[in-house]
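Peer 1: Mind folding the following:
(2 chains)
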2 protein chains.
Amino acid sequence: VRVISVSGEGEFGLIRRIVDRLEQRPEVVLGPGDDAAVIAAPDRRVVATTDLLIENRHFRREWSSPYDVGRRAAAANLADVVAMGARPTALLVGFGAPGELPIEWAESLADGLRDEAALVGASIVGGDVTAADAVTVAVTALGDLDGRDPVTRAGARPGDIVVLSGWPGRAAAGLDLLRAGREDDPLADAHRRPTIDYAAGLALAGEASAMIDVSDGLLADLGHIATSSGVQIELAAAALPTDAALLAAAHDLGVDAFAWVIAGGDDHCFAATVGPETAVRLPRIGRVVGVPSGQRAGVVVDRPVPKVAGHEHFRS
Amino acid sequence: VRVISVSGEGEFGLIRRIVDRLEQRPEVVLGPGDDAAVIAAPDRRVVATTDLLIENRHFRREWSSPYDVGRRAAAANLADVVAMGARPTALLVGFGAPGELPIEWAESLADGLRDEAALVGASIVGGDVTAADAVTVAVTALGDLDGRDPVTRAGARPGDIVVLSGWPGRAAAGLDLLRAGREDDPLADAHRRPTIDYAAGLALAGEASAMIDVSDGLLADLGHIATSSGVQIELAAAALPTDAALLAAAHDLGVDAFAWVIAGGDDHCFAATVGPETAVRLPRIGRVVGVPSGQRAGVVVDRPVPKVAGHEHFRS
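Peer 2: Residues are numbered from 1 along each chain as shown, chains lettered A, B, ... in the order given. As a prediction, this is how the structure comes out:
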């Protein structure tokens, strides 16, 4: 078996192989192959976000397949666009890799990016490939507001309730399972490739007063809403969704599942504040109140919180 | 003197320091600080491109100041937007760095990105910071077409003339001077920080039938226009602009200046094809003809071409 490497194929060959696997939807006015792409922006405003994933920092090649890395890299950015109340339209991808990386790795990464983007109808419209010591995936996502106002972190009002899509803590649990050598635990997949309820996020677009996707940890990200909005958020610990697999894994590893749930990042659950009369059918995990005199904006939890901080790069 | 490092400051402190140095123009509906930015796209189409710069691949910290790296990283992307006939509006920047990097390095990089973007009225609207072994700068640029059609590589027609802004080969010469230890040669700055004639590129937006920014080398990039357009481009070697500093440097290093001029990338000169009646005041370096029977689309040069290829990553 002859292994074709990234360097064996060369820059232009690699680009051609990747572009051949992609699919351009009608909103793409001009796709890959020119100096830049052109994408429809019917709202006259474009939503844009970017994330950098680097191997051995955000993923390990021995733990995650390239397809999963692609899914996850796309998901992190698509969730940010949806958390603004926008519909994702396009991804651009910068890809750095050592020359000896098998070409199939890059192709499978592209497949993962393409398939995750397809879940929300977005296309991979452009990118850049270059040599690098560490596999590097820089994704930018664009989206359209379809005439709605963006949903920021600053709109939460006293009286709102807090809702949450998905199960926070699963990606953090998955990472701890991988670190403990339990690569075959199904929950490990939650780290490799988060499952994001895009439909729930998109449904919140017209409804939420504030929204965020949980990437730093639920407590930290609700804290971002609270401080941006100048409110307190009362979090009801018993209302937080916790699945049985998470509890079982915590038992096995001898850790507190609650720490994963409130401090684990990278699940990209959508946390939002909505008016009390909302028809949104998502778990209600807390409520928004004014900041009591002498106190500060932030999150108040009704049970002791384990000493863990939200995820912050450069500190771990 | 206490050196504050990137890790000492932490992710959120670093982001705050960088954002404090930026300036948001009126087209920025929502700048840094939320899940994503929102930028005006009055044309209802957005132009988008991305580039990945990695230390010791695209720059060396001992050769280039962080300010220059920022200018160059922004320039490479802004030039791609302009080469589509669009006006740059916004940059997003993914930044990876070792924890021990001095905080001033990151701040100066941000200043360089900001100042280059300011040359065309664009703002740094968002980004991401993360830990990495190699300093990594992933820039995405967005732009607006202001109602014009995008200028692709595919529009060159027989009868058009080829025009060029700037002096190709200077960045390649600068890199060779740096490699030869001549860090103080003024031409070395052409590698550190290309000077791009954005005004010339923007003026071509309504006029050019095809346009590209020269990043792979003049011969390779004109080749992209020729093959995309299905034409031949006859390049007149004597018409190529070559400055005296370039000739002097070639003499000093004992190399052929013509190799730099036709194969050197990274100057981001704008090469365009325009109708013969054009009022564009740029050097005319060749003309577009049909593909003669039995020949292929491509570039024909009227003097022998040194055996050098355009710049291709993974092959060097």
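
Peer 1: who's in contact with residue A:245?
Peer 2: By C-beta atoms under 8 Å, 6 or more residues apart in numbering or on different chains, the contact set of residue A:245 is A:170, A:186, A:187. Any C-beta I mention is one placed from the backbone N, CA and C, and that applies to glycine too.

Peer 1: Apply 6 Å and report the result again.
Peer 2: Taking C-beta atoms under 6 Å, 6 or more residues apart in numbering or on different chains as the criterion, residue A:245 is in contact with residue A:187.

Peer 1: Now whatever helix or strand it lives in: buried residues?
Peer 2: Counting by DSSP states H and E, the element that carries residue A:245 is helix A:244-253. By neighbour count with 16 or more other C-beta atoms under 10 Å in any protein chain shown, helix A:244-253 contains the buried residues A:245, A:246, A:249, A:250, A:253.

Peer 1: And the first one, how far from chain B?
Peer 2: Remark: distance between residue A:245 and chain B (C-beta to the nearest C-beta, to the nearest Å) = 28 Å.

Peer 1: Also the second one?
Peer 2: As defined by C-beta to the nearest C-beta, residue A:246 lies at a distance of 25 Å from chain B.

Peer 1: follow-up on the earlier one: can you show me the CA trace of the next helix-or-strand element following the helix holding residue A:245 as PDB?
Peer 2: Downstream of helix A:244-253, the first helix or strand assigned by DSSP H and E is helix A:257-263. Below are the C-alpha coordinates for helix A:257-263, written out as PDB (Å, rounded to 0.1, in the frame of the first residue of the first chain):
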ATOM      1  CA  ALA A 257     -20.500  14.700  38.000                       C
ATOM      2  CA  PHE A 258     -21.800  18.100  39.000                       C
ATOM      3  CA  ALA A 259     -18.300  19.600  38.300                       C
ATOM      4  CA  TRP A 260     -18.600  18.300  34.700                       C
ATOM      5  CA  VAL A 261     -22.100  19.700  34.400                       C
ATOM      6  CA  ILE A 262     -21.400  23.200  35.500                       C
ATOM      7  CA  ALA A 263     -17.800  23.700  34.500                       C
END
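
Peer 1: Now do the helix holding residue A:245, average pLDDT.
Peer 2: Averaging pLDDT along helix A:244-253 yields 95.

Peer 1: do stretch A:101-120 as well
Peer 2: 97.

Peer 1: does that stretch come close to chain B?
Peer 2: No. Stretch A:101-120 stays clear of chain B (C-beta under 6 Å from any C-beta of the partner chain), getting no nearer than 9.7 Å.

Peer 1: buried set for that stretch?
Peer 2: In stretch A:101-120, counting by 16+ other C-beta under 10 Å, buried: A:101-103, A:105-114, A:116-117, A:119-120.

Peer 1: Need the three-state assignment for the closest residue to residue A:121 other than its chain neighbours.
Peer 2: The spatial neighbour of residue A:121 that comes closest, neighbours along the chain excluded (C-beta to C-beta, 6 or more residues apart in numbering or on different chains), is residue A:25 at 6.4 Å. Put simply, residue A:25 is coil when judged by DSSP: H, G, I helix; E, B strand; the rest coil.

Peer 1: Do I have it right that residue A:25 meets residue A:123?
Peer 2: Yes. Counting by C-beta atoms under 6 Å, residue A:25 touches residue A:123, with 4.8 Å between them.

Peer 1: higher neighbour count, those two?
Peer 2: Each of residue A:25 and residue A:123 has its neighbours counted (other C-beta atoms under 10 Å in any protein chain shown); residue A:123 has more, 23 against 16.

Peer 1: Send me stretch A:151-164 as PDB with only the CA atoms.
Peer 2: C-alpha atoms of stretch A:151-164 as PDB (Å, rounded to 0.1, in the frame of the first residue of the first chain):
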ATOM      1  CA  VAL A 151     -29.300  37.800  20.100                       C
ATOM      2  CA  THR A 152     -26.400  39.100  22.300                       C
ATOM      3  CA  ARG A 153     -25.300  38.200  25.800                       C
ATOM      4  CA  ALA A 154     -26.600  41.500  27.000                       C
ATOM      5  CA  GLY A 155     -30.400  41.200  26.700                       C
ATOM      6  CA  ALA A 156     -31.400  39.200  29.800                       C
ATOM      7  CA  ARG A 157     -34.000  41.000  32.000                       C
ATOM      8  CA  PRO A 158     -35.200  40.300  35.500                       C
ATOM      9  CA  GLY A 159     -38.200  38.000  35.200                       C
ATOM     10  CA  ASP A 160     -36.800  36.000  32.300                       C
ATOM     11  CA  ILE A 161     -36.300  32.300  32.800                       C
ATOM     12  CA  VAL A 162     -33.100  30.400  31.700                       C
ATOM     13  CA  VAL A 163     -33.400  27.500  29.300                       C
ATOM     14  CA  LEU A 164     -30.800  25.000  28.100                       C
END
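
Peer 1: Touching that stretch from outside, list them.
Peer 2: For stretch A:151-164, the external contacting residues (C-beta under 6 Å, 6+ apart) are A:84-85, A:208-212, A:224-225, A:228-229, A:231, A:233, A:269, A:271-274, A:276, A:280, A:282-290, B:34.

Peer 1: is chain B contacted by stretch A:194-206?
Peer 2: No. Judged by C-beta under 6 Å from any C-beta, stretch A:194-206 makes no contact with chain B; its nearest approach is 10.5 Å.

Peer 1: CA atoms only for that stretch - export them in PDB, please.
Peer 2: Output of stretch A:194-206 as PDB, limited to C-alpha atoms (Å, rounded to 0.1, in the frame of the first residue of the first chain):
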ATOM      1  CA  PRO A 194     -20.300  17.000  20.300                       C
ATOM      2  CA  THR A 195     -23.900  16.500  19.200                       C
ATOM      3  CA  ILE A 196     -25.400  19.900  18.900                       C
ATOM      4  CA  ASP A 197     -29.100  20.600  18.900                       C
ATOM      5  CA  TYR A 198     -29.000  23.300  16.100                       C
ATOM      6  CA  ALA A 199     -32.700  23.200  15.700                       C
ATOM      7  CA  ALA A 200     -33.200  24.200  19.400                       C
ATOM      8  CA  GLY A 201     -30.800  27.100  18.900                       C
ATOM      9  CA  LEU A 202     -32.400  28.300  15.700                       C
ATOM     10  CA  ALA A 203     -35.800  28.000  17.300                       C
ATOM     11  CA  LEU A 204     -34.600  30.300  20.100                       C
ATOM     12  CA  ALA A 205     -33.500  33.000  17.600                       C
ATOM     13  CA  GLY A 206     -36.800  34.800  17.500                       C
END
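
Peer 1: in that stretch, what's buried?
Peer 2: A:194, A:195, A:196, A:197, A:198, A:200, A:201, A:202, A:203, A:204, A:205.

Peer 1: can you pull the contacts of the residue lying closest to the fourth one once chain neighbours are set aside?
Peer 2: In this case it means residue A:197. In this structure, residue A:197 finds its nearest non-sequential neighbour in residue A:165, 4.4 Å apart by C-beta to C-beta, 6+ apart. Residue A:165 is in contact with A:197, A:200, A:269, A:270, A:282, counting by C-beta under 6 Å, 6+ apart.

Peer 1: Which members of those residues are the farthest-apart pair?
Peer 2: Farthest apart among these by C-beta to C-beta are A:269 and A:282. That separation is 9.8 Å.

Peer 1: okay, those two: which has more neighbours?
Peer 2: Applying other C-beta under 10 Å to residue A:269 and residue A:282 shows that residue A:269 carries more neighbours, namely 29 against 22.

Peer 1: Can you list phi and psi of the closest residue to the more buried one other than its chain neighbours for me?
Peer 2: Spatial nearest neighbour of residue A:269, chain neighbours left out: residue A:166 (3.9 Å); criterion: C-beta to C-beta, 6+ apart. Here is the backbone geometry of residue A:166 (degrees, to the nearest 10): phi 80, psi -170.

Peer 1: distance of residue A:166 from residue A:199?
Peer 2: Residue A:166 sits 11 Å away from residue A:199, going by C-beta to C-beta, to the nearest Å.

Peer 1: about what we covered before: among the buried residues of stretch A:194-206, name the ones in strands.
Peer 2: Among these, no residue falls in strands (DSSP state E).
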